[in-house]
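K.L.:
How does the following fold in three dimensions:
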Amino acid sequence: MSEETKEQIIEEEIKQEETTCDSTEETVEKEESLEEKVARLEQQLKDSEDKYYRVHADFENIKKRLEKEKYQAIDFASEKFAKDLLAPIDSLEMALHSANAQLDAADLLVKLKEGIELTVKNFNTAFEKHNITKVETDGEFDPNVHNAVMKVDSENHETGQIVQELQKGYLLKDRLIRPAMVSISN
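P.N.:
Numbers count the residues shown, from 1 in each chain. Reported below is the predicted structural model:
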């Protein structure tokens with residue numbers, strides 16, 4: 001073998017070793033980049049889990065707050081109505097106090113009547129504010145809103161007509177609170 005051939009063989013071996021070293025380095029770089037990629041993905045997963053747990057905790061807190069507010073709304077739903085009933089109770093208390101006044105019987109009776117009329121007016125005002133209306137008892141008997149407790153003979157009314165209202169009935173908007181107690185003609 002000639003010197004040139006030996007040198008060529010040596011050069012080729014060196015090139016192969018360099019190529020092998022380069023591919024080994026590339027493999028190491030690829031492995032490092034894969035490790036980095038896995039680490040990055042694990043961090044993203046951890047961040048996503050953390051974000052999920054925070055959102056879930058916020059949702060649970062909102063749910064609890066809304067539940068609490070719902071029960072408070074139910075508990076205090078009649079607060080406005082209760083406030084509107086304070087005026088009639090005040091009128092009744094004033095009527096009771098006037099009964100203790102040093103007046104003769106006729107004047108006392110007049111004052112008590114005025115107090116009762118004022119109280120009824122205050123109740124009707126409170127009912128109007130809250131859409132509570134009286135059940136009409138003029139005309140035909142309606143079993144949906146009337147409760148017939150007796151039948152009476154009446155020359156002035158046709159059969160099935162309401163003769164007398166014994167107790168008022170009331171509606172809250174369109175819902176019956178209490179039917180009107182009536183007597184109807186035979």
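K.L.:
Where is the longest helix in this structure?
P.N.:
Ranked by residue count, the top helix of the chain under DSSP state H comes out as helix 3-75.
K.L.:
so how far is it from its chain's centroid?
P.N.:
The chain centroid and the centroid of helix 3-75 are separated by 46 Å, computed with CA atoms, centre = their mean, to the nearest Å.
K.L.:
now do stretch 174-186
P.N.:
33 Å.
K.L.:
okay, it in CSV with CA atoms only?
P.N.:
What follows is stretch 174-186, C-alpha atoms only, in CSV (Å, rounded to 0.1, in the frame of the first residue of the first chain):
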residue,chain,number,x,y,z
ASP,A,174,-104.3,35.7,39.6
ARG,A,175,-103.8,33.1,42.4
LEU,A,176,-106.6,32.5,44.8
ILE,A,177,-105.5,33.1,48.4
ARG,A,178,-108.9,32.4,50.0
PRO,A,179,-112.3,31.8,48.3
ALA,A,180,-115.2,34.0,49.1
MET,A,181,-117.7,32.3,51.4
VAL,A,182,-121.2,32.9,50.0
SER,A,183,-124.7,31.8,50.1
ILE,A,184,-126.5,31.0,46.8
SER,A,185,-130.1,30.9,45.8
ASN,A,186,-132.0,27.7,45.2
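K.L.:
Identify each buried residue in it, please.
P.N.:
179-185 (16 or more other CB atoms under 10 Å). C-betas here are computed from N, CA, C, even on glycine.
K.L.:
got it, and stretch 84-104?
P.N.:
For stretch 84-104, a neighbour-count test (16+ other CB under 10 Å) marks 84-85, 87-88, 91-92, 95 as buried.
K.L.:
Residue ranges of each domain in the chain, please.
P.N.:
Under the assignment automatic domain parsing, the domains of the chain span 1-77, 78-130, 133-186.
K.L.:
Kindly reformat the ones you listed as TSV containing mean pLDDT.
P.N.:
As requested, these are exported to TSV (pLDDT from 0 to 100):
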stretch	mean pLDDT
domain 1-77	82
domain 78-130	85
domain 133-186	91
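K.L.:
what sits against Thr125?
P.N.:
84, 87 (CB atoms under 8 Å, 6 or more residues apart in numbering).
K.L.:
who touches stretch 173-186?
P.N.:
Stretch 173-186 is contacted from outside by 131-132, 134-135, 137, 141, 144-154, 157-171, using CB under 8 Å, 6+ apart.
K.L.:
quick one: secondary structure of the nearest residue to Thr119 once chain neighbours are set aside?
P.N.:
Excluding the flanking residues, the one nearest Thr119 by CB to CB, 6 or more residues apart in numbering is Ser91, at 4.0 Å. Here Ser91 is helix, with the state taken from DSSP: H, G, I helix; E, B strand; the rest coil.
K.L.:
Thanks a lot, see you next time.
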